[in-house]
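**Student:** Next come a sequence and a model predicted from it.
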Amino acid sequence: MKLKSKHLVPLILVVFAAGIAGTMAFNLWRTEGSKIPAKFSTGEHEGEYNPADIRGSYTFSNISETFKIPLEDLSRAFGLDGVQNVAEFQCKELKVLYPEPEEGEIGTDSAKLFVALYTGLPHTPEETTRLPTPALSVLKDKLSEQELEEVKKITVSLSDLKPVSSQETAEQANDQDRAVRGNTTFGELRDWKLAKEDIEQVLGIPMGKPGVTVRDHCTANEIEFSEVKTALQALVDTKNQ
Amino acid sequence: MANKTKTDQVRIGIQIFFFVLIALIAVNHSLEEAGIGGLPIISSASLHALCPFGGVVSIYQYTTTGSFVKKTHESSFILMWIVFALTLLVGPVFCGWVCPLGSVQEWVGKLGKKIFKSKYNRFIPYRYDRMLRYLRYLMLGWVGYMTVVTGKLFFADIDPYFALFNFWTGEVATAGLVILGLLLAASLLVERPFCKYACPYGAVLGIFNLFRIFKIKRNVSTCTDCKACDKSCPMNIPVSAGIAVRDHQCISCMKCTSEQACPIENTVELTTGNMEVIK
């Protein structure tokens, strides 16, 4: 059996199209992460979510839902009192929030470690991983005296740290500077010194709650986000000159 | 002759289609990231999610932990299987017909061909060139090992394909841009230099040339030994030296076949079975 170039064209297109369409039909085609960590496949904790698979892009809300840890506990453990939207706080932002601990680092692996200690699931942290001291008070009911003593050795006092403000954290983590995007919330706009009246004047309707993204609010109210975005960006630029 | 030119245009048409498709998806992804909203119908997935090589480097992590290497997703895995199926059937058509980076190198090479004429693609002596071709397996081993160790898409920072479709985003590492620049310059001298010497994905797909179902075969009884097939091969494979092309570098571009370079009908063909089938 012979094949010519004219046969290869439909063959290539059909195999790609059928493969993608077929997997879409079975809901297997995903181009974005599910924000759900892998589960232990063997051992005592088989079937449970593995804290080691928590990624920097996972929000505290993702962790809270997956590992059944109240957001308040996560917020308290990592000293996020000044953060506007703890639910949307991403693990990778910890490193930006606490850039220079006295020793080691507070980052995504700290979140993995905290989750492991809180839930009793195994995780071997990096040697440099540290937890902020408030984590101890959250964990005190979860760990034995001996375990708490061990954890104490890798905690860093928050008073020694100079946390940057919540909006700076978000900006640095995204490596962007006060740009209105699809995921910008009304809370962030307020943090960027925009008055409620100014925002509502641009929108032509009352603004949404602080945790709601401007785009979602626009979509829900049939407003063209791209137009609103430009006007809001102009306001942000003016206010932050 | 007109028919032969038309045959190559069929492949160029497909190459342009995939190049434009990937470029539109990359632009759409940037627009989406910027919150501007994207083009209708076109996907806004990240290029990492649409790279079948992402599936290959995720195999170890997926089989050991059930998760994907960062930035890769189910789509990478699915595309990997689709390309494997195609390659098992007709060889690395992904390289010769689909991969936009291969296409760009080929297009730049057309300019090189005009500048250097018959010297083009023949600068490196065959005995050295043959050995250098195995560098891509070293690259595959290194990228695979580093991905397993780091759990990250290690290749992304040096990937000229990612750099080509993201140079405007600020997400591309300097190393990636430098490699892309060098690659385009090298394409003026050598046809598909990245495919030949460095592409780890081409290395994987090249192995399929040993056992693919449809092979490029030469009918010895009608062959006049004019070497037109050898001269036409962008990967410098000596097609006339054997009965079937099993070289790990073949990209199934069909340039050597009787549809294009070979002047004798039914002499170099993409076929199953043995030589009697060709006669």
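**Tutor:** Yep, that arrived.
**Student:** Now the spatially most central residue of chain B: closest residue in space that isn't a chain neighbour?
**Tutor:** Centroid check for chain B by Cα atoms, centre = their mean gives B:Cys95 as the closest residue, at 2.3 Å. Leaving aside its chain neighbours, B:Cys95 sits nearest to B:Ile251 (4.0 Å; criterion: Cβ to Cβ, 6 or more residues apart in numbering or on different chains). Placement of C-beta: from N, CA and C, glycine included.
**Student:** just A:Ser75 next, same as before
**Tutor:** A:Ser75 sits nearest to A:Val86 (Cβ to Cβ, 6+ apart), 4.5 Å away.
**Student:** dump the residue contacts of that neighbour.
**Tutor:** A:Val86 makes contact with A:60, A:71, A:74-75, A:80, according to Cβ atoms under 8 Å, 6 or more residues apart in numbering or on different chains.
**Student:** Pick out the most distant pair among the residues you listed.
**Tutor:** A:Leu71 and A:Leu80 (9.4 Å; Cβ to Cβ).
**Student:** ok, these two, which is more surrounded?
**Tutor:** Between A:Leu71 and A:Leu80, counted using other Cβ atoms under 10 Å in any protein chain shown, the more crowded position is A:Leu80 (24 against 17).
**Student:** wait, the more buried one sits on A:Cys91?
**Tutor:** No - the pair A:Leu80 and A:Cys91 fails to qualify as a contact (Cβ atoms under 8 Å) at a distance of 11.8 Å.
**Student:** Could you tell me which residues touch both of those two?
**Tutor:** In contact with both A:Leu80 and A:Cys91: A:Phe60, using Cβ under 8 Å, 6+ apart.
**Student:** Next to chain A, which bits of the stretch 101-250 of chain B? Give me the list.
**Tutor:** Residues of the stretch 101-250 of chain B lying close to chain A (Cβ under 8 Å from any Cβ of the partner chain) are B:170, B:214.
**Student:** can you tell me how far the residue nearest to B:Cys95 sits from chain A?
**Tutor:** 12 Å (Cβ to the nearest Cβ, to the nearest Å).
**Student:** before we move on, what about B:Gly206?
**Tutor:** 18 Å.
**Student:** okay, and for chain A, where does confidence drop off?
**Tutor:** A:34, A:159-177, A:182-183, A:210-212, A:240-241 (pLDDT under 70).
**Student:** Name the residues of the longest helix that chain A contains that are buried.
**Tutor:** Ranked by residue count and defined by DSSP state H, the top helix of chain A is helix A:5-25. Of all the residues in helix A:5-25, those buried under the rule 16 or more other Cβ atoms under 10 Å in any protein chain shown are A:5, A:8-9, A:11-12, A:15-16, A:19-20, A:23.
**Student:** and chain B, which of these reach it?
**Tutor:** Answer for the buried residues of helix A:5-25 near chain B (Cβ under 8 Å from any Cβ): A:5, A:8-9, A:11-12, A:15-16, A:19-20, A:23.
**Student:** overlap in contacts of A:Leu71 and A:Leu80?
**Tutor:** By Cβ under 8 Å, 6+ apart, the residues touching both A:Leu71 and A:Leu80 are A:60, A:86.
**Student:** Could I get the contacting residues of residue 49?
**Tutor:** Here I'm looking at chain A. Neighbouring residues of A:Tyr49 by Cβ under 8 Å, 6+ apart: A:36-40, A:66-67, A:121.
**Student:** The chain in question should be chain B.
**Tutor:** Listed by Cβ under 8 Å, 6+ apart, the contact set of B:Ala49 reads A:31-32, B:71-73, B:75-76.
**Student:** Now do A:Asp237: how many residues are near it, please.
**Tutor:** 13.
**Student:** What of A:Glu32?
**Tutor:** 12.
**Student:** got the phi/psi numbers for the closest residue to it other than its chain neighbours?
**Tutor:** Nearest residue to A:Glu32, sequence neighbours excluded (Cβ to Cβ, 6+ apart): B:His73, at 6.4 Å. Dihedral pair for B:His73: phi -140, psi -170, per degrees, to the nearest 10.
**Student:** who's in contact with B:His73?
**Tutor:** By Cβ under 8 Å, 6+ apart, the contact set of B:His73 is A:30-33, B:49.
**Student:** The longest helix belonging to chain B and chain A, are they touching?
**Tutor:** Counting residues, the longest helix in chain B under DSSP H turns out to be helix B:2-33. Yes - counting by Cβ under 8 Å from any Cβ, chain A is contacted by helix B:2-33 at B:7-8, B:10-11, B:13-14, B:32-33.
**Student:** Which stretches in the stretch 101-250 of chain B count as helices?
**Tutor:** Counting by DSSP state H, counting those that start in this stretch, one finds helices in the stretch 101-250 of chain B at the ranges B:126-132, B:135-150, B:160-164, B:174-186, B:193-197, B:200-207, B:228-232.
**Student:** Out of those, which is closest to A:Pro51?
**Tutor:** Short answer: helix B:135-150, nearest of the helices of the stretch 101-250 of chain B by Cβ to Cβ, at 18.8 Å.
**Student:** can you give me the angle that closest one makes with helix B:200-207?
**Tutor:** 120 degrees (axes from the mean of the first three to the mean of the last three Cα atoms, to 10 degrees).
**Student:** for helix B:135-150, packing partners?
**Tutor:** Applying 3 or more Cβ pairs under 8 Å, 6 or more residues apart in numbering or on different chains; DSSP states H and E, one finds that helix B:135-150 makes contact with helix B:52-65, helix B:193-197, helix B:200-207.
**Student:** Need the ones you listed in CSV (columns: mean pLDDT and mean neighbour count).
**Tutor:** Output for these, formatted as CSV (pLDDT from 0 to 100; neighbours: other Cβ atoms under 10 Å in any protein chain shown):
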stretch, mean pLDDT, mean neighbour count
helix B:52-65, 86, 20
helix B:193-197, 96, 24
helix B:200-207, 96, 24
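**Student:** what about the residue nearest to A:Leu131 when sequence neighbours are not counted, distance to A:Leu97?
**Tutor:** Excluding the flanking residues, the one nearest A:Leu131 by Cβ to Cβ, 6+ apart is A:Thr155, at 5.0 Å. Taking Cβ to Cβ, to the nearest Å as the criterion, A:Thr155 is separated from A:Leu97 by 16 Å.
**Student:** And the two? Which one has more around it.
**Tutor:** Between A:Thr155 and A:Leu97, counting by other Cβ under 10 Å, A:Leu97 is the more crowded of the two (25 against 19).
**Student:** returning to that earlier point: switch the helices and strands packed on helix B:135-150 over to a markdown table, and while doing so, append distance to B:Ile22 to every line.
**Tutor:** Converted to a markdown table, these look like this (distance: least, Cβ to Cβ, whole Å):
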| stretch | distance to B:Ile22 |
| --- | --- |
| helix B:52-65 | 12 |
| helix B:193-197 | 16 |
| helix B:200-207 | 15 |
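**Student:** Now rank the residues of helix B:2-33 next to chain A by neighbours and give me the top one.
**Tutor:** Within the residues of helix B:2-33 next to chain A, neighbour counts (other Cβ under 10 Å) peak at B:Arg11, which reaches 23 neighbours.
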